[in-house]
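J.: Predicted model follows, preceded by the sequence.
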Amino acid sequence: MQQLKRVDTAETDIATLMADLGRHARAAGRALALSSDADRSKALRVAAATIRDQTSAILAANARDVADARERGTAAAFMDRLLLDARRVAGIADGLDAIAALPDPIGRVMASFERPNGLQIERVSVPLGVIGIIYESRPGVTADAGALCLKSGNAAILRGGSESFHSSGVIHACLVAGLRAANLPEAAITLVPVRDRAAVGAMLSGLDGCIDVIVPRGGSNLVARVQAEARVPVFAHLDGNVHIFIDEAADRAKALAIVRNAKLRRTGVCGAVETLLLDKTSPLQHELVKMLLDAGCAVRGDAAVQALDPRVTPASEADWGTEFLDAIISIGVVENLDAAIAHIERYGSHHTDGIITEDQAAADRFLREVDSAIVVHNASTQFADGGEFGFGGEIGIATGRLHARGPVGVEQLTTFKYRIHGSGQTRP
């Protein structure tokens with residue numbers, strides 16, 4: 001299928017290129033805000049069908065990206081995020097269909113009330129405008145981010161990582177095919193066609209007011225740069241330094257299954273548990289540590305955990321605050337629930353944290369007092385995902401406190417305006 005032309009950075013003025021992309025996206029955003037949900041959903045369904053039809057082309061492009069990444073010595077965690085197979089491509093297409101089927105997030109009457117003077121006031125959801133998404137490794141983000149922005153009536157400017165350059169290009173072409181089929185502007189979902197990092201700087205500047213929000217999705221270095229340099233609001237996704245606390249009243253079968261899944265299902269996702277906290281009275285300490293070690297997970301522990309198994313290595317101070325994104329976990333024994341909550345407050349990243357217990361009072365305290373975007377009781381932390389929330393997908397997990405928190409889906413990509421209906425009232 002025809003793809004957007006990729007631009008040779010040696011022959012391109014990046015500032016001019018990005019300014020043009022910004023202007024076209026702004027115009028597309030205006031058109032999308034006035035478009036029908038039927039048209040936006042049609043574009044997504046056609047894109048999903050096109051992705052299925054182009055599975056071979058997507059996998060071929062991905063194989064090229066994977067080969068390049070291996071040649072550069074890319075870390076295993078990033079390779080897992082980069083790699084596509086037929087099942088993952090099918091999941092990308094299914095995600096687009098799921099987003100298409102969501103209720104229209106635009107034009108929702110969020111509140112309505114009447115003033116004593118008879119004015120009728122409504123608060124109504126509207127798109128944010130143009131959203132810039134800067135991401136690393138995962139080519140599937142191209143589809144998720146573009147689809148979520150489109151469904152919510154926002155134009156998107158996508159700057160994928162250089163690792164997924166070819167994969168993202170083919171996926172983006174499928175999205176453009178959907179836009180064409182629905183007679184929507186192709187600039188509604190724009191993929192930056194260059195690898196030059198100057199394009200990131202241009203996006204962070206706001207493209208002369210054309211970008212309304214920036215969403216970074218990647219490692220701590222990327223997020224730190226975006227937060228430091230962005231001149232527009234940022235939906236921040238910080239490290240997923242995820243904790244699970246094993247309470248003294250934890251069920252054995254649940255604890256073993258949940259911890260194994262939360263750590264080892266996929267070690268490179270942001271919902272993977274990185275620190276396990278064991279109540280000092282828990283009878284499961286040795287069994288949990290042995291289970292992880294036997295499964296090939298490196299364990300870094302405090303003195304109490306080191307005493308449980310000679311294969312445990314000492315945990316450094318830095319380990320407690322590290323998002324490993326690998327088959328590595330830090331484990332510590334804590335005095336009680338209070339100590340577990342204090343540890344999470346000190347070292348956590350306010351992303352996702354969980355408790356395993358049959359004591360409902362302890363669970364209620366944990367869910368109430370742990371200040372994270374997502375808190376979990378008796379389930380794997382790897383459910384920290386917009387698709388698992390029923391959002392169809394996510395742009396990322398926002399760990400800040402303003403506007404959006406947790407999985408950023410279509411509703412989180414809207415703001416609101418007030419509509420006032422009068423019958424001739426004037427202000428005295």
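T.: Nice, I can see it. Residues are numbered from 1 along each chain as shown.
J.: Skipping its backbone neighbours, what lies nearest residue 201 in space?
T.: Nearest residue to residue 201, sequence neighbours excluded (C-beta to C-beta, 6 or more residues apart in numbering): residue 229, at 7.1 Å. Backbone N, C-alpha and C define where each C-beta goes, glycine included.
J.: Enumerate every residue touching residue 215.
T.: Contact analysis of residue 215 by C-beta atoms under 8 Å, 6 or more residues apart in numbering lists 131-134, 145, 234-235, 237, 395-396, 408.
J.: Could I get the average pLDDT for the helix or strand where it lies?
T.: Element membership for residue 215 (DSSP states H and E) is strand 213-217. The average pLDDT within strand 213-217 is 90.
J.: And stretch 222-239, by the same measure?
T.: 83.
J.: so how far is the helix or strand harbouring residue 180 off the chain centroid?
T.: In this assignment (DSSP H and E), residue 180 forms part of helix 165-181. Mean-position distance between helix 165-181 and its chain equals 20 Å (C-alpha atoms, centre = their mean, to the nearest Å).
J.: next helix or strand past the strand holding residue 215?
T.: Downstream of strand 213-217, the next assigned helix or strand under DSSP H and E is helix 220-229.
J.: just the angle between the strand holding residue 215 and helix 220-229, please?
T.: Here the directions of strand 213-217 and helix 220-229 differ by 160 degrees (axes from the mean of the first three to the mean of the last three C-alpha atoms, to 10 degrees).
J.: rewinding a little: list the buried residues for the helix holding residue 180?
T.: For helix 165-181, burial by neighbour count (16 or more other C-beta atoms under 10 Å) applies to 165-179, 181.
J.: Chain neighbours aside, what residue packs nearest to residue 367?
T.: Nearest residue to residue 367, sequence neighbours excluded (C-beta to C-beta, 6+ apart): residue 375, at 4.9 Å.
J.: same thing with residue 284?
T.: residue 255 (5.4 Å).
J.: Which other helices and strands does whichever strand or helix holds the one you found contact?
T.: Assigned by DSSP H and E, residue 255 falls within helix 252-264. For helix 252-264, the packing partners by 3 or more C-beta pairs under 8 Å, 6 or more residues apart in numbering; DSSP states H and E come out as strand 242-246, strand 273-279, helix 285-294, strand 352-356.
J.: Pull up the distance across stretch 95-113, start to finish.
T.: Using C-alpha to C-alpha, to the nearest Å, the end-to-end distance of stretch 95-113 comes to 37 Å.
J.: Counting neighbours, which bits of it end up buried?
T.: Using 16+ other C-beta under 10 Å as the test for burial, stretch 95-113 gives 95-100, 102, 104-106.
J.: Which helix runs longest in the protein?
T.: helix 14-33 (DSSP state H).
J.: Rounded mean pLDDT for the next helix or strand after it, please.
T.: Reading on from helix 14-33 to the C-terminus, the next helix or strand found by DSSP H and E is helix 37-53. Across helix 37-53, the average pLDDT comes to 98.
J.: Helix 37-53 packs against which elements?
T.: helix 86-100, helix 140-151, helix 165-181.
J.: so residue 113 sits in a strand?
T.: Yes - counting by DSSP: H, G, I helix; E, B strand; the rest coil, residue 113 is part of a strand.
J.: ok, and the closest non-adjacent residue to it?
T.: Nearest non-adjacent residue to residue 113, counting by C-beta to C-beta, 6+ apart: residue 121, 5.7 Å away.
J.: list the buried ones in the helix or strand harbouring that neighbour?
T.: Residue 121 belongs to strand 120-127 when assigned by DSSP H and E. Within strand 120-127, the residues scored as buried using 16+ other C-beta under 10 Å are 124-127.
J.: Paired strands for that strand, with orientation please.
T.: Strand 120-127 pairs in its sheet with strand 109-114 (antiparallel), strand 414-421 (antiparallel), by DSSP bridges.
J.: got the domain boundaries for this protein?
T.: 9-235+408-419, 242-383 (automatic domain parsing).
J.: Tabulate these (CSV), appending distance to residue 425.
T.: Putting the domains of the chain into CSV (distance: least, C-beta to C-beta, whole Å) gives the following:
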stretch, distance to residue 425
domain 9-235+408-419, 5
domain 242-383, 42
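J.: just checking, which of the ones you listed comes out with the lowest mean pLDDT?
T.: With a mean of 93, domain 9-235+408-419 has the lowest mean pLDDT of those.
J.: so how far is it off the chain centroid?
T.: 12 Å.
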